[in-house]
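Enquirer: Here is a sequence together with a model predicted from it:
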Amino acid sequence: MFDFTGKTVIVTGASGTLGTALSVQFAVAGANVVVAARTGYDQLAATLPGPALGVRLDVTGETEWAEAIARTEDRFGPPDVLVDNAAHLGVGTTESIPLPEFRRVLETNLTGALLGIRAAAPSMRTADFVLFAASDQARFATGSEILADGGFMLGAVA
């Protein structure tokens, strides 16, 4: 296990299954964990071993990102790690997925990630990394469903 003692980690989509597991593991590894989600954030933060902060975050909102980063910095200082885990899965074929559902997938999964990096980057210039998390249940539809491999993408912020 890695040692994250003294590091501040923001986990988006923290109230979901993967986000909860990541939050717990970072807490066990000694991190200050910022539990960011639309719901359940305070409850999860209260159960973590070690310093934790729950913040409401809809990743599609610039204002909410600014508030989440400000609360993180007020409590723990600048974030060291951003785990961009929030996601929305839309299932359907190219012909059947409703356009509003498709737009929600793009807003959450792509625009949300962009807004998170934009909000966090100014205070993360000397940070460790940004982690994009995707489960192996991510799907891309082109008339018939094709299961896409999920995984992690690590990249420096600077």
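Expert: Received the coordinates, thanks.
Enquirer: What segments of this protein are strands?
Expert: Along the chain, counting by DSSP state E, strands occupy 8-12, 32-37, 52-56, 81-84, 129-133, 139-141, 145-147, 152-155.
Enquirer: which helices and strands sit right next to the first one?
Expert: Packing partners of strand 8-12 (3 or more CB pairs under 8 Å, 6 or more residues apart in numbering; DSSP states H and E): helix 17-28, strand 32-37, helix 62-76, strand 81-84, helix 112-120. The way it works is simple: take the backbone N, C-alpha and C, and place the C-beta from them, glycine included.
Enquirer: Quick check: bridge partners of V81?
Expert: V81 forms beta bridges with V9, F129, as assigned by DSSP bridges.
Enquirer: burial count for it?
Expert: V81 has 22 neighbours, counted by other CB atoms under 10 Å.
Enquirer: Would you agree it is in contact with F2?
Expert: No. Applying CB atoms under 8 Å as the test, V81 and F2 come out as separate, 10.5 Å apart.
Enquirer: looking at the helices and strands packed on strand 8-12, which is closest to E95?
Expert: Closest to E95 of these is helix 112-120 (CB to CB; 26.1 Å).
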